[in-house]
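Participant: requesting a structural model of the entry that follows:
(one chain, ligands or ions: 3)
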Amino acid sequence: MADVWQTAMDHAVGAARRAGQVVREALQDDRKVMTKSSSVDLVTQTDQKVEQLIIQSVKEKFPTHRFIGEESVAAGESCVLTDAPTWIIDPIDGTTNFVHAFPFVAVSIGFSVNKQVEFGVVFSCLEDKMFTARRGKGAFCNGEPLQVSDQEDIKQSIIATEFGSSRDPDAVDRIFSSLRNVLCIPVHGVRGAGTAAINMCLVASGCVEAYYEIGIHVWDIAAGSLIVSEAGGVLMDVDGGPLDLMSRRIVAANSRTIAERIVREIDAFGPPRDDEPLRR
Ligand SMILES: Nc1ncnc2c1ncn2[C@@H]1O[C@H](CO)[C@@H](O)[C@H]1OP(=O)(O)O
Ligand SMILES: [Mg+2]
Ligand SMILES: [Mg+2]
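Facilitator: Ligands and ions are numbered 1, 2, ... in the order given. A predicted model of the protein is given here:
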């Protein structure tokens, strides 16, 4: 049977590639930086322009579909995941990297139906790597199949995470305490690309065994989470329960063994959910 969402997925790949081209060109210009929730929560005109570009192109082709876009939500749109076909868009994942020309920047487009991600597209636009996954059909980078690492010993592993965007000393202490516990397992190393989407593509590619973070949003993880699971990885909440896309918490790993080992070390606090109306 024909895949009902294949046309939408093809459209997402084209839109992500065009968006990535805009991002690459914008890197040549001066980048005017604005802030959102705090002095380290950055946004540029390129984030807003790229999100509009993607949404407009999708609306023309799929007029009944819904959207959750990072910059639209920042501008006051609602952030509720329904059963309707929904495009979940992070126009620039790694805006801080983009502002500093640190070379890991992605366009992330996830697509959910009945609250389940059907396909995910992450375009790492400076590396020119197009990561794609269709539910039940595997994950790919530039057309080549992806497979997570088969390393089951966490002591032989690299773990990816980020410090997050809060600079509240108590919140930073909690993140550092989890990081200290993970590092001292001990693991071979801890890394972070500065973008949740690329961190998850690194898990899918087998370069790191796991990625975990608290504080990310649905647009950071919708696409990447499917890329990890379709590459043979596992997803869970940082408390060991099932992944909830709106909970702002994720462990994405090559195996259940490694995911559960990380869960044991994490201080699983819960920031306000993405679908909580007064979270901003
Ligand atoms: N100051 C900051 N440092 C790191 N990540 C930040 C950040 N502000 C926001 N983020 C977001 O948090 C995610 C996980 O760290 C990143 O993918 C990034 O997505 P963004 O660039 O789309 O905002
Ligand atoms: Mg992001
Ligand atoms: Mg973003």
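
Participant: and the strands in the stretch 101-250 of the chain?
Facilitator: 106-113, 116-124, 129-134, 139-141, 144-145, 158-160, 189-191, 210-214, 234-236, 249-253 (DSSP state E, counting those that start in this stretch).

Participant: just the buried positions in stretch 134-150, please.
Facilitator: For stretch 134-150, a neighbour-count test (16 or more other CB atoms under 10 Å) marks 134, 135, 139, 140, 141, 146, 148, 149 as buried. (Each C-beta comes from the backbone N, C-alpha and C, glycine too.)

Participant: quick one: which of the strands of the stretch 101-250 of the chain is nearest residue 174?
Facilitator: With CB to CB as the measure, strand 210-214 is the member of those nearest residue 174 (8.3 Å).

Participant: name the helices or strands packed onto the closest one?
Facilitator: Packing partners of strand 210-214 (3 or more CB pairs under 8 Å, 6 or more residues apart in numbering; DSSP states H and E): strand 158-160, helix 196-205, strand 249-253, helix 256-265.

Participant: circling back to that earlier point, for ligand 1, find the nearest of the strands of the stretch 101-250 of the chain.
Facilitator: strand 210-214 (5.8 Å; CB to the nearest ligand atom).

Participant: list the neighbouring strands of the closest one plus their orientation.
Facilitator: If you go by DSSP bridges, strand 210-214 pairs up with strand 158-160 (parallel), strand 249-253 (antiparallel).

Participant: please work out the average pLDDT along the first one.
Facilitator: Same thing as strand 158-160. Per-region confidence: strand 158-160 scores 98 on mean pLDDT.

Participant: what does it contact?
Facilitator: 182, 187-193, 199, 202-203, 207-212, 262 (CB atoms under 8 Å, 6 or more residues apart in numbering).

Participant: ok, back up a step: distance to residue 72 added to the strands of the stretch 101-250 of the chain, as JSON lines?
Facilitator: Output for the strands of the stretch 101-250 of the chain, formatted as JSON lines (distance: least, CB to CB, whole Å):
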{"stretch": "strand 106-113", "distance to residue 72": "14"}
{"stretch": "strand 116-124", "distance to residue 72": "18"}
{"stretch": "strand 129-134", "distance to residue 72": "23"}
{"stretch": "strand 139-141", "distance to residue 72": "27"}
{"stretch": "strand 144-145", "distance to residue 72": "33"}
{"stretch": "strand 158-160", "distance to residue 72": "28"}
{"stretch": "strand 189-191", "distance to residue 72": "31"}
{"stretch": "strand 210-214", "distance to residue 72": "22"}
{"stretch": "strand 234-236", "distance to residue 72": "25"}
{"stretch": "strand 249-253", "distance to residue 72": "22"}
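
Participant: just the terminal-to-terminal distance for stretch 78-86.
Facilitator: Taking CA to CA, to the nearest Å, the first and last residues of stretch 78-86 lie 13 Å apart.

Participant: could you shift the numbering so residue one becomes 50, and keep it that way?
Facilitator: Got it, the first residue is 50 from now on, which makes the last one we talked about stretch 127-135.

Participant: ok, and does that stretch reach over to ligand 1?
Facilitator: No - Stretch 127-135 lies out of reach of ligand 1 by CB under 6 Å from any ligand atom, never closer than 14.0 Å.
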